[in-house]
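Asks: quick one, fold the following:
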Amino acid sequence: MQNLEMALNEAEDKAWQALSRYKFMMFGYWVAIWVHLNRVGEFNKPNPFKPLVDLADSMVSEQYKKARALVK
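Replies: Residues are numbered from 1 along each chain as shown. The predicted structure is shown next:
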């Protein structure tokens with residue numbers, strides 16, 4: 001279990017490092033690894049990337065939200 005937690009922490013570090021270097025695909029990869037390890041290890045830690053997602057969501061215009069709702 002300790003190895004999983006170390007891998008979880010490493011995935012978070014690598015995700016932030018990738019994002020800081022504009023490597024968006026690698027950021028997504030490491031975020032997905034973090035989510036997977038958090039589930040498999042049953043850590044139930046809050047997602048450290050949620051504030052970033054919330055920021056992105058707040059930047060999306062109301063028109064885009066309405067168009068997206070029509071598509072769903």
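Asks: surely F43 and Q2 touch.
Replies: No. Assessed by CB atoms under 8 Å, F43 is found out of contact with Q2, at 11.6 Å. For the C-beta atoms, the positions are set from N, CA and C on the backbone; glycine is no exception.
Asks: okay, these two: which has more neighbours?
Replies: Set F43 next to Q2 and count neighbours by other CB atoms under 10 Å: F43 wins out with 13 against 7.
Asks: which stretches of the chain have low pLDDT?
Replies: For the chain, the stretches with pLDDT under 70 are 62-63, 72.
Asks: ok, longest helix in it?
Replies: Secondary structure of the chain per DSSP state H: the longest helix is helix 2-20.
Asks: start and end of stretch 45-65, how far apart?
Replies: 29 Å (CA to CA, to the nearest Å).
Asks: mind listing the helices for the protein?
Replies: Ranges of helices in the chain, per DSSP H, are 2-20, 24-40, 50-59, 62-71.
Asks: ok and the third one relative to helix 2-20, angle-wise?
Replies: For helix 50-59 against helix 2-20, the angle by axes from the mean of the first three to the mean of the last three CA atoms, to 10 degrees is 30 degrees.
Asks: which residues touch helix 50-59?
Replies: Here helix 50-59 makes contact (CB atoms under 8 Å, 6 or more residues apart in numbering) with N47.
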